[in-house]
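# Sequence and predicted structure, then a few things I'm wondering about:
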Amino acid sequence: MAIANPIAPPAVSEETLQRPWRFDVFARWPWLKRLVRMRTFQFLAILPNLLLFYLFLIAGLFGTPVGNRNIIIVFVWILWWFVLITVMVPLGSRVWCTMCPLPFFGDWVQRRAVVLVHPGKSPGTENRFFGLHRRWPKQLSNIWLQNLGFLFLATFSALLVTRPIFSAVVFGVLFALATGLALVYRLRTFCNYVCPISGFLSLYAMTSTVELRSVDKNECLKCSSKACIRGSEKGWACPWNVYMGKLDRNNYCGLCFECVKSCPNDNISLFVRPFSTSDVILRGYDEVWKACIMLVLALTYSVMLLGPWGRFKDWANVSEVRNWGGFGLFAAGQALLALVIFPGLYYLSIRLAKWYAKADSIPTKELFLKYAYALVPMGLLAWIAFSVPLLMVNGSYIVSVISDPLGWGMNLFGTAEFPWAPLWPEWVPFIQVPILLAGFYYGFRGMHKVGRQLFSDPAQLYRSLLPPAVLLLAVTLVFLKLFVG
Amino acid sequence: MRLSQIPKYLLVSVLLVVGGLGGLVSAHLGRAAAHERSFTITAHKYAYDPPVLRVIRGDRLHIRLVAKDVTHGFYLEGYNLDAKARPENPTFWARHPSEQQDYKEVEEISFVANRTGKFRYRCSITCGYMHPFMQGELIVSPNYLYSAAVGVALALALAMPLIFGRPAAGGQS
């Protein structure tokens, strides 16, 4: 740990940073532990989504091309997206990964089981796996692929969220990739390193109010079986390759609860904790860039989809308008902003912070990585603010499409003709303002928390916080201008 | 929260209120006299021209809606107005959606901009792929919400050291 001022008293330890209060959910409600320990638990969680996913693919391929009349667009990009970003991630961490249908067939071919466990030996595990079971290349064992994949998909977001066929093809490709990679590589390689959805879930799960952790880490150190990561006759080896004895962030835990089943010491539990307080450290440039990309995309989506400017919509809507020059400008501009300009501004703020705080003993890289957590709650809350009007304005499409999921003129529940009726749209800005202000508050709070670890001199701490805080404030003001101004 | 922290939270609250009020006052001071304003809004895939209408509270707006390519809607949030226009039609159809189901043929819609803030007008008739995102903005000044939000954001920035305090050695601040 770097201490900027050697004569000052020691700053706050990392252990203290990681441990605010937490509430043991399984101890309070043991039936929940019994539920997740059932071997059928994850299958039952995935099954409804798998059936829906199948329906969505059918609707995307054979249903109406009108997006707001097709269930794949309305359910995925209005309902699912809203619930994912505003409820599941902040309140349930990666609970979507518990029920995600994409890796279902991959798991199946790897395990040759849907519910049961196969004890046995495959490299690094106490379970019998099938397929080639190769290791994913070390150079790709980060979230860069997810970063670039998400940015690439975001370039086509105007098509993705309005064209049923495009959504169906993208989900189909992800589904095939998840299955194909499971045949070649071990465990959930797709989820860990490739899935673009998993990439941003990993980042924003850091803020979540729940965590799956060992009750007592000393117990893990004494444990010789390491069944949480290696598996046992009771549970599969961790599909995310996570060792609970060292797990201190939500990023790469997909909440499959296999470790709860396999732990021989009954030492793993689900905890409730305060929002955006515990996992406050980004550990690599890939994670920092993910935070930058996501924040920039919240901004560009707000301009392109929710803004009044037709030119940007035309540029993004390339398959209809066919303005390839405009599309190129949009794609390049978005990529430049996400990969170079915004990270560059953040880097500049860190250089200024280092200079202003006279923090010569702290490497720029360390400050760059550690203060970047500020972008995580800020990004999540910006996405929530962006998503509020999606549901409030276009939510009524859910009611009509439920009766006519493919837009074929059916009327299954008598609601097919339900008119488009925005829900209190004039109140949307009043909801967005406190969300954006909360993003600024939590961003600063996270940075301050990490800063306390680096600086014990208050003046030095606040000088180091000033430049990145100005950047956070500027971002907040830009979002306020877009949504309310 | 400890009792000793109450003055701190009180001070922070006062700062935020002052920031918000400062924003409100600055918006109020910048207000101007109301006028009659006429706009012709051209709707085309997937935008309105002009995309943004800036008016002053009390302005009486006269809006004529023209559709350029296909039938487009014009749902103005906050003002209980919905209209639709067909291409090459000199007139269009309007209604107050909370009061009437049927549209009436009109040459213009007229109303007083008596609510301040930013209000979107959106296409209410499915007009193509990007239809759900076809929208424009009516900004009625003084925009109290925006000014207050900026004031609170600035006050929050100033209040941060007060909220989080000094780092105590080896413990919580």
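Arrived safely. Residues are numbered from 1 along each chain as shown, chains lettered A, B, ... in the order given.
# State the distance from A:Val340 to chain B.
Distance, A:Val340 to chain B, using C-beta to the nearest C-beta, to the nearest Å: 26 Å. (C-beta placed from N, C-alpha, C; glycine too.)
# how much space between that residue and A:Lys234?
Distance, A:Val340 to A:Lys234, using C-beta to C-beta, to the nearest Å: 49 Å.
# number of nearby residues for the nearest residue to A:Tyr301 once chain neighbours are set aside?
Counting by C-beta to C-beta, 6 or more residues apart in numbering or on different chains, A:Tyr301 lies nearest to A:Phe386, which is 6.0 Å off, once chain neighbours are set aside. The tally of other residues near A:Phe386 (other C-beta atoms under 10 Å in any protein chain shown) stands at 23.
# Could you do A:Arg283 as well?
With other C-beta under 10 Å as criterion, A:Arg283 counts 12.
# Give the helix, strand or coil label for it.
Reduced to three states with DSSP: H, G, I helix; E, B strand; the rest coil, the structure at A:Arg283 is coil.
# shaky segments in chain B?
B:1-5, B:166-173 (pLDDT under 70).
# can you list the domains in it?
Chain B is divided into the following domains under automatic domain parsing: B:3-30+B:147-164, B:36-141.
# Looking at the stretch 151-300 of chain A, which residue is nearest chain B?
Using C-beta to the nearest C-beta, the closest approach of the stretch 151-300 of chain A to chain B is made by A:Thr162 at 4.5 Å.
# what's the spacing between that residue and B:Ile125?
Distance from A:Thr162 to B:Ile125, by C-beta to C-beta: 16 Å.
# Go ahead and flag the most central residue of chain B.
Nearest to the geometric centre of chain B sits B:Lys118, at 1.1 Å (C-alpha atoms, centre = their mean).
# Quick one: the strands in chain A, in order.
A:23-24, A:119-122, A:125-127, A:210-214, A:268-272 (DSSP state E).
# who wins for proximity to B:Met130 among those?
Closest to B:Met130 of the strands of chain A is strand A:210-214 (C-beta to C-beta; 37.1 Å).
# Which neighbouring elements make contact with that closest one?
strand A:268-272 (3 or more C-beta pairs under 8 Å, 6 or more residues apart in numbering or on different chains; DSSP states H and E).
# which residues sit against the strand it packs on?
A:22-27, A:32-33, A:36, A:209-215, A:228, A:244, A:259-260 (C-beta atoms under 8 Å, 6 or more residues apart in numbering or on different chains).
# Ok, stretch A:395-413 next?
With C-beta under 8 Å, 6+ apart as the test, stretch A:395-413 has contacts from A:55, A:58-59, A:62-64, A:66, A:68-71, A:74-75, A:78-79, A:414-423, B:132.
# and if we set it to 6 Å?
Applying C-beta atoms under 6 Å, 6 or more residues apart in numbering or on different chains, the contact partners of stretch A:395-413 are A:59, A:63-64, A:68-71, A:74, A:79, A:415-416, A:418, A:420-421, A:423.
# tell me the two of these that are most distant?
Farthest pair in the contacts of stretch A:395-413, by C-beta to C-beta: A:Gly63 and A:Leu423, 25.1 Å.
# Neighbour count for those two, which is higher?
Per other C-beta under 10 Å, whichever of A:Gly63 and A:Leu423 has more neighbours is A:Gly63, with 24 against 13.
# Do I have it right that the more buried one meets A:Asn70?
Yes - using C-beta atoms under 6 Å, A:Gly63 is in contact with A:Asn70, at 4.7 Å.
# who touches both of those two?
Common contacts of A:Gly63 and A:Asn70, defined by C-beta under 6 Å, 6+ apart, comprise A:164, A:407.
# remind me which residues of chain A are low pLDDT?
For chain A (pLDDT under 70), the answer is A:1-19.
# need the residues of it near chain B, please.
A:9-10, A:68, A:162, A:305, A:308-310, A:313, A:317, A:320, A:394, A:425-426, A:429, A:433, A:444, A:448, A:452, A:456, A:458, A:461-462, A:473, A:476, A:480, A:484-485 (C-beta under 6 Å from any C-beta of the partner chain).
# count of residues packed around B:Ala32?
11.
# In terms of neighbours, single out the busier of A:Val340 and A:Lys234.
A count of neighbours by other C-beta under 10 Å puts A:Lys234 above the other of A:Val340 and A:Lys234, at 16 against 11.
# For the strands of chain A, give me a markdown table that also has mean neighbour count.
A markdown table is the format used below for the strands of chain A (neighbours: other C-beta atoms under 10 Å in any protein chain shown):
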| stretch | mean neighbour count |
| --- | --- |
| strand A:23-24 | 14 |
| strand A:119-122 | 13 |
| strand A:125-127 | 22 |
| strand A:210-214 | 23 |
| strand A:268-272 | 20 |
